[in-house]
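Participant: starting from these lines, generate the structure:
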Amino acid sequence: MRSLILLFILFCAAPQFLGQIKFDSNPFDLGIITAAGSDYVDIPVKNEGNEKIFIFRIDADKRFQIRYSSKTLLPDSTVYIRILFTPEKKGIINEKLPVHFSHLSDPVDLKLNGFCEEVPKSNAITCPSFQQQNINTSLEHEFTVKVIEESTGKPIEDAHVEFIQNGVKTESVTTNKKGTHTQKQKLGYYYFIASHEDYNSNELGTYINRKNNLVIIPLSRKEVTTIIPPQEEVDEVETEEIIVHTISEEDTANNSPNYVEQYPDFPLADYKPNNIVFLVDVSSSMNFAGKIDLLKASMIELTKILRPIDKITLVAYASSAEVIMETTSVENTDTLIDIIQNLKPKGMTAGGEGMKLAYSKACNAMIPDGNNQIIMATDGVFNMGEENVNKLARKYHKKGVTVSVIGIKNREFHEESMRQLSEDGGGNYTNIQNYSQAQETLIEEIKTQSRRN
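Facilitator: Residues are numbered from 1 along each chain as shown. Modelled structure (predicted):
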C-alpha cells in the first residue's frame, strides 16, 4: 500500500517537474542558410522550478557546433545554448537534438527548422564561446549590394535597388561608379529588386548576416529595336483629332458618394461585399527564393483597396492547419498588416487539412449575394492527407463558395493540379513570379470574382 501511495505521488508530481524547463522557442527557426554559411543562434533555456538543474549533454553530429553560457540552471534563471549549424545538402531543415537534463530520465528534443538555399562553401568557421571577448552582438551589420552587367560582369552605375522585407519596401538606394552601395543594415531576410533604364530588372532574395554581407545582382541589357512606321500612318497621327471624354451626372448616379470618394477603384456599386478566407502555405519551402515576401507584398497591397464592409479570415497551413486571424471586418489595416508580416514558414505541407478548415470559416461568415471566396496561396503541390480537395471544391462551389489558387513561383509541373483545383472551385489560377505581379495579381483576382454583373 505504501508503494502504491508513493507511485501515485510521483505520478501527480511528474508534469510539474517536467514543466520546470522551458525553451524560449521550440521549434527554433534557423532562417535561410546561404553559401556563406549560417550565423550562430543563441537559444534561451529557462528553469521555472525551485530546484537546481544541470544540462548533461546534447546529442549532435559533426554538422553542429554547440556552446553553453552555463550548464547549471539555478531556480528561476536562464542559460543560453549557442548553436552553429552547417548543413551538407540543400533543402528544408528539420532537425531534432536530444537534450539531457539531470532531473529527467529521457532527453527533451530541441527542434530546429530552416531552409538551406546553398550548401556553405566551408565549414571552417568556428562557433565562438561565451568566454570570448569582443563578440559582435549588434543586430546591424555593414552590407553591400552590387549590380553588374550579366554578360560582361562590369559594374552598373546609377542602378536603382529596392529592399523588401516582410512584404514592405524598407530601403531604396542607387549604386555608385563601382556599381555598389554600402550601408549598415539590420540582419534578416531581404528581397531585392534591381533596375536600370538600359537593362531588364532582376529580383532575388537572400539572408543578410555577418558572413553573407554581399549580394551581387546581374542585369541583362535590353534589346534595342527601331520601328519606322509607314508614311501614311505618320500622316494620320499628325492630323488625328483629340477627343475629350466627359463624365455626366448619369454616369455616377448609381454610386454611393462615400464609397466613391474613399474607394474610387473599388466602389460598392460595381463590386460586391467580400468574405475572403486566405489559405496561406507557410511550409518551409516558402522561405526559398523570396516566395514568402512576394506573398506578403501581395496581401499587403490588397489591404489598400479593401473596404470596411469586406471581411477577412486568415488560415495558415504547414505541418498542421490553424486560424491565424478570425473573421474580421477590414477596418484596422495596421493590425492586419502586422499579422501578415509575422507569418513565418516552417514544417511540411498539410494542404488538405487547411482547405477543410478554410471552407468551414468561409461558410460561417457567408455573405448572401456577396463574394464568398477562398484564396489559396502556395508554391506547389501539397499533401492532401485524407481530404479530397477537388471534391471539397466542387461541393462548396455549389454552396456559393469559390476557391482560387495563387501560385508563388510555381514550377510548370505543379500548375496542372492547381489549375484543376481552381476550376473545380469556380475560381482562377494565377502565378506570381515577381514583385510587380505581386502588387497586381491578388487585387485583380478579387475584383474579377466580386464584380457585379
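Participant: now do the strands in the stretch 151-300 of the chain.
Facilitator: Assigned by DSSP state E, counting those that start in this stretch, the strands in the stretch 151-300 of the chain fall at 160-165, 168-174, 180-186, 188-196, 199-208, 214-219, 274-281.
Participant: quick one: closest of those to residue 446.
Facilitator: strand 274-281 (6.5 Å; C-beta to C-beta). All C-beta spots, glycine's among them, are computed from the backbone N, C-alpha and C.
Participant: helices of the chain, start to end?
Facilitator: 2-18, 231-238, 257-262, 291-303, 333-341, 351-364, 389-398, 412-424, 435-450 (DSSP state H).
Participant: hmm, back to that, mean pLDDT, mean neighbour count and distance to residue 96 added to the strands of the stretch 151-300 of the chain, as a markdown table?
Facilitator: Below are these laid out as a markdown table (pLDDT from 0 to 100; neighbours: other C-beta atoms under 10 Å; distance: least, C-beta to C-beta, whole Å):
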| stretch | mean pLDDT | mean neighbour count | distance to residue 96 |
| --- | --- | --- | --- |
| strand 160-165 | 90 | 19 | 30 |
| strand 168-174 | 88 | 13 | 34 |
| strand 180-186 | 89 | 15 | 30 |
| strand 188-196 | 88 | 21 | 24 |
| strand 199-208 | 86 | 19 | 23 |
| strand 214-219 | 90 | 18 | 32 |
| strand 274-281 | 90 | 25 | 23 |
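Participant: could the ones you listed go into TSV alongside distance to residue 292?
Facilitator: Shown next, in TSV, are the strands of the stretch 151-300 of the chain (distance: least, C-beta to C-beta, whole Å):
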stretch	distance to residue 292
strand 160-165	11
strand 168-174	13
strand 180-186	17
strand 188-196	8
strand 199-208	9
strand 214-219	18
strand 274-281	9
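Participant: closest to residue 296 out of those?
Facilitator: strand 168-174 (7.7 Å).
Participant: confidence-wise, which of the helices of the chain is weakest overall?
Facilitator: Out of those, helix 2-18 stands lowest, with a mean of 43 (criterion: mean pLDDT).
Participant: contacting residues around the nearest residue to residue 193 once chain neighbours are set aside?
Facilitator: Nearest residue to residue 193, sequence neighbours excluded (C-beta to C-beta, 6 or more residues apart in numbering): residue 162, at 4.5 Å. Contacts for residue 162 (C-beta atoms under 8 Å, 6 or more residues apart in numbering) come out as 169, 171, 172, 192, 193.
Participant: redo that, cut-off 6 Å
Facilitator: The contact partners of residue 162, by C-beta atoms under 6 Å, 6 or more residues apart in numbering, come to 169, 172, 193.
Participant: could you do residue 275 as well?
Facilitator: 311, 365, 367, 370, 372.
Participant: for residue 101, same thing?
Facilitator: residue 53.
Participant: could you number the chain from 159 rather than 1 from now on?
Facilitator: With the count now opening at 159, the last piece we talked about shows up as residue 259.
Participant: chain center to stretch 217-237: distance?
Facilitator: Its chain's average C-alpha position is 30 Å from that of stretch 217-237, according to C-alpha atoms, centre = their mean, to the nearest Å.
Participant: contacts for that stretch, please.
Facilitator: Residues from elsewhere that reach stretch 217-237, judged by C-beta under 6 Å, 6+ apart: 202-205, 208, 210-213, 216, 238, 240-244, 255-256, 285, 287-288.
Participant: tell me which residues in that stretch are buried?
Facilitator: 218, 222, 223, 224, 225, 231, 237 (16 or more other C-beta atoms under 10 Å).
Participant: sort out for me which of these are in strands.
Facilitator: 222, 223, 224, 225, 231, 237 (DSSP state E).
Participant: first to last residue in stretch 359-374, what's the distance?
Facilitator: When the termini of stretch 359-374 are compared using C-alpha to C-alpha, to the nearest Å, they are 13 Å apart.
Participant: in the sheet, who's paired with residue 186?
Facilitator: Beta bridges link residue 186 to residue 270 when assigned by DSSP bridges.
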